[in-house]
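K.L.:
quick one: sequence and predicted model below, then my questions.
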Amino acid sequence: MMRIKHRPARLLQRTSGSRYNSQLASLSFEPETVRHEYPFTSAYPVGSKVINEQHFYQNDILFNWYHKSPHPVSLRQLAFFGRKLTEEKMIGSANFVRTELPTRLAHRIRDLQCLPFSVMRNEHMSQVYELYYQAFNQFRRFPAIKTLEDNDKFCKLVSDLLLDHLTIIPSLVTGGIECAMDQLIEPKRLDDVMSLMLRSRISRRVIAEQHISLSQSFNESLAQGRRETAEKASDYIGEVFLQCSAKDCIRTASAQAETFAVQVISKELYMSPADIVVPEVVVQGEDAKFPYMDSHLKYIMGEILRNAFYATIRRHIVSGKGGNPPPILVSISNTPSDVRIRFSDQGGGVPKEVQPHIWSFAKGPEATSRLDMFKRIPKLAGVPHEVDFAGNLDTKRVISTDTHESSLARFSNRPPNVKLGIGLPMSKVYVEYWDGSLDLTSLEGHGTDVALRISRLGNQNEKLQLDRV
C-alpha cells in the first residue's frame, strides 16, 4: 500500500470565494490510498497529455471556461427556433453550440477533477476524462462561424465527436464499479456521479443533435432553391422529438424482450428455444400518443419488459407446472399532463438481497459479475440516442429512429448472455430528466409492478429546460 500526495492547496486558494457551485463540490481532495495493481509508476497516468501535473489541477484555460455560466435551453426555445430557419438563424445557432458545449464540458471536467484522485487514476475513468478534454479543446479552438460552409465543417466536427464518445458510458460504469469494489468511492457517491454525468450528457447531445438536424433541413431547402424552410406545425417541439405511440413502443419492446429471454433461458436451462413457452403480453387501455425521444422510450420499455419476460418464463419452467406462463399485463392511462404505464408480471418478484441495489450503478453483491460483462463489450454504444457507428453526418443516421442504425439498438441488442445490470438505473435517469418517474414494487414470491410516468413534453416546454449542466 502506498499513499499518493498531490498538491490541492493552490487550487483551493484560487477557488475559495468563487462561483463554484458544482453538485460535486463536497467531494474531498484528501490524499487517497492507491492500490499497487494500477498500472502507473507515478501519481499521474503515464503518457497522458491532460492528466498530469501541468494540466489536471492548475489549468487557467479550463478555469476560464468553467467560470462561464451555461445558458438554460427550454423545449419552448427549441420549438420556436426550429419552426422557420434562415441563413442568419443557422449561423447564430452554430456559434451558440460552438461556445455552449465547451462551457458545459468544462463543468463536467471540473467535477471529474473533484473526485478522489485515486478514482481518476483508474484506467477507464482517465479515458473518460481524456475524451471530454479532447472534445473541450476541439470546440474551444474552432473559429467563429461566419458562413454556411463554416457551419458544414462544424457539423462534421460535432458528428465526429458524437461518434468518438460512444464508449463513454461503458467506461464510466466499468471504472466506477472497479473503484467501488476497491473502496475508492462510496456506492452512493458513484450513483450521484453517474446520474450527473448522464443528465448532463442528455442536454449536450440534444443541443448538438438538434443543430445537426436543423442544418440538414436547411441545406435541403437550399438545394430546392429556397432560402428558408417551411414553417413547422404548432405542436412541433424539436427535430429530435417524434410523435410516439405507447402501444407501438410496447409491441416493439415486447418482441425484442421475448427473443432475449428465450435465448438466455435456453442456455441457462439447456433447453431448445422451440420448447420454451412465452407469456402473452396483454395491453389494457387506449393508446396514447405524445412527443418524446423515440429511442429513449423504446430503451426504457425494453429494459422493463426484458426483466418481466425473463422472470416470468424462468419461474414457470422451474416450477414444473406446465401449460402457459401467466401473462404480462401492461396498463395505459392517458391524462392531459402525462401518460402512465404499468407493467405487471408474476415472475416471483425481486429477491430481498437485490432490492437495495436495483437503482444503483455500483450493483452491490453483483458488482463482480457485472464488471466482467462490461469488460466483454468495450465498444458497446453508450446512451440511447447517439449516432450510429459509421459517424455519417446525415441526420437520418445521426438521429435515427430505425432500430438497426441507432446506438440504442446496439445497447438493447447486446448478446443475450450479457447482463449489464444498469438497465433500470439508466432508465430512471432518462425518465426523470424528461420530468417523468419510474418506480418498482416487488412482492417476493409473486411478482413485480413497474410504474412508468411519462410527462407530456408538449405541455412542459415552457418550463422544462436543458439546464442539467
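P.N.:
Good, I have the coordinates. Since the model is a prediction, treat every value here as computed from it, not as a measurement.
K.L.:
where do the helices sit along the stretch 51-200 of the chain?
P.N.:
60-66, 75-82, 87-113, 117-120, 123-141, 148-164, 168-181, 187-223 (DSSP state H, counting those that start in this stretch).
K.L.:
including mean pLDDT, mean neighbour count and distance to Ala311, could the ones you listed go into JSON lines?
P.N.:
Glycine gets a C-beta too; all of them are placed from N, C-alpha and C. Output for those, formatted as JSON lines (pLDDT from 0 to 100; neighbours: other C-beta atoms under 10 Å; distance: least, C-beta to C-beta, whole Å):
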{"stretch": "helix 60-66", "mean pLDDT": "89", "mean neighbour count": "16", "distance to Ala311": "46"}
{"stretch": "helix 75-82", "mean pLDDT": "73", "mean neighbour count": "18", "distance to Ala311": "36"}
{"stretch": "helix 87-113", "mean pLDDT": "94", "mean neighbour count": "20", "distance to Ala311": "36"}
{"stretch": "helix 117-120", "mean pLDDT": "88", "mean neighbour count": "23", "distance to Ala311": "34"}
{"stretch": "helix 123-141", "mean pLDDT": "93", "mean neighbour count": "19", "distance to Ala311": "31"}
{"stretch": "helix 148-164", "mean pLDDT": "94", "mean neighbour count": "18", "distance to Ala311": "35"}
{"stretch": "helix 168-181", "mean pLDDT": "84", "mean neighbour count": "24", "distance to Ala311": "23"}
{"stretch": "helix 187-223", "mean pLDDT": "89", "mean neighbour count": "20", "distance to Ala311": "24"}
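K.L.:
could you redo the ones you listed as TSV and give each row distance to Ser272?
P.N.:
Below are the helices of the stretch 51-200 of the chain laid out as TSV (distance: least, C-beta to C-beta, whole Å):
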stretch	distance to Ser272
helix 60-66	58
helix 75-82	49
helix 87-113	48
helix 117-120	46
helix 123-141	39
helix 148-164	40
helix 168-181	33
helix 187-223	39
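K.L.:
Trp434 is nearest to which of those?
P.N.:
helix 187-223 (8.5 Å; C-beta to C-beta).
K.L.:
might you list the low-confidence residue ranges for this structure?
P.N.:
Within the chain, the ranges that satisfy pLDDT under 70 run 1-58, 227-240, 363-420, 458-469.
K.L.:
domain map for it?
P.N.:
2-46+56-223, 242-377+414-460 (automatic domain parsing).
K.L.:
re earlier: which one, of the helices of the stretch 51-200 of the chain, ends up nearest to Gly349?
P.N.:
helix 187-223 (22.8 Å).
K.L.:
so that closest one versus helix 87-113, what angle?
P.N.:
Between the axes of helix 187-223 and helix 87-113, defined by axes from the mean of the first three to the mean of the last three C-alpha atoms, to 10 degrees, the angle is 160 degrees.
K.L.:
next SSE after helix 187-223?
P.N.:
strand 242-245 (DSSP states H and E).
K.L.:
list the buried residues in that following strand.
P.N.:
242, 244-245 (16 or more other C-beta atoms under 10 Å).
K.L.:
can I get stretch 342-354 in CSV, CA atoms only?
P.N.:
In CSV, the C-alpha atoms belonging to stretch 342-354 read as follows (Å, rounded to 0.1, in the frame of the first residue of the first chain):
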residue,chain,number,x,y,z
ARG,A,342,-47.9,-0.1,-15.5
PHE,A,343,-46.1,-3.3,-16.2
SER,A,344,-47.2,-6.2,-14.0
ASP,A,345,-45.7,-9.7,-14.1
GLN,A,346,-45.9,-12.9,-11.9
GLY,A,347,-42.2,-13.7,-12.1
GLY,A,348,-41.6,-14.1,-8.4
GLY,A,349,-40.5,-10.6,-7.5
VAL,A,350,-37.1,-9.3,-6.8
PRO,A,351,-35.0,-11.1,-4.1
LYS,A,352,-34.6,-9.1,-0.9
GLU,A,353,-30.8,-9.0,-1.1
VAL,A,354,-31.1,-7.4,-4.6
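K.L.:
and the buried residues of strand 242-245, which is closest to Ser195?
P.N.:
Cys244 (24.0 Å).
K.L.:
nearest residue to that closest one in space, please, no chain neighbours.
P.N.:
Tyr292 (4.6 Å; C-beta to C-beta, 6 or more residues apart in numbering).
K.L.:
ok, Tyr270 to Gln134 distance?
P.N.:
Counting by C-beta to C-beta, to the nearest Å, the separation of Tyr270 from Gln134 is 47 Å.
K.L.:
how about Arg199?
P.N.:
Distance from Arg199 to Gln134, by C-beta to C-beta: 22 Å.
K.L.:
same thing with Met120?
P.N.:
The value you get for Met120 to Gln134, if C-beta to C-beta is used, is 16 Å.
K.L.:
just Pro279 next, same as before
P.N.:
Taking C-beta to C-beta as the measure, Pro279 falls 47 Å from Gln134.
K.L.:
then Gln284?
P.N.:
50 Å.
K.L.:
buried residues in the host helix or strand of Met301?
P.N.:
Element membership of Met301, judged by DSSP H and E, is helix 294-319. For helix 294-319, burial by neighbour count (16+ other C-beta under 10 Å) applies to 294-317.
K.L.:
that one - contacts with which helices or strands?
P.N.:
strand 242-245, helix 246-268, strand 328-334, strand 338-345, helix 407-412, helix 423-433, strand 447-455 (3 or more C-beta pairs under 8 Å, 6 or more residues apart in numbering; DSSP states H and E).
K.L.:
angle of it against helix 423-433?
P.N.:
150 degrees.
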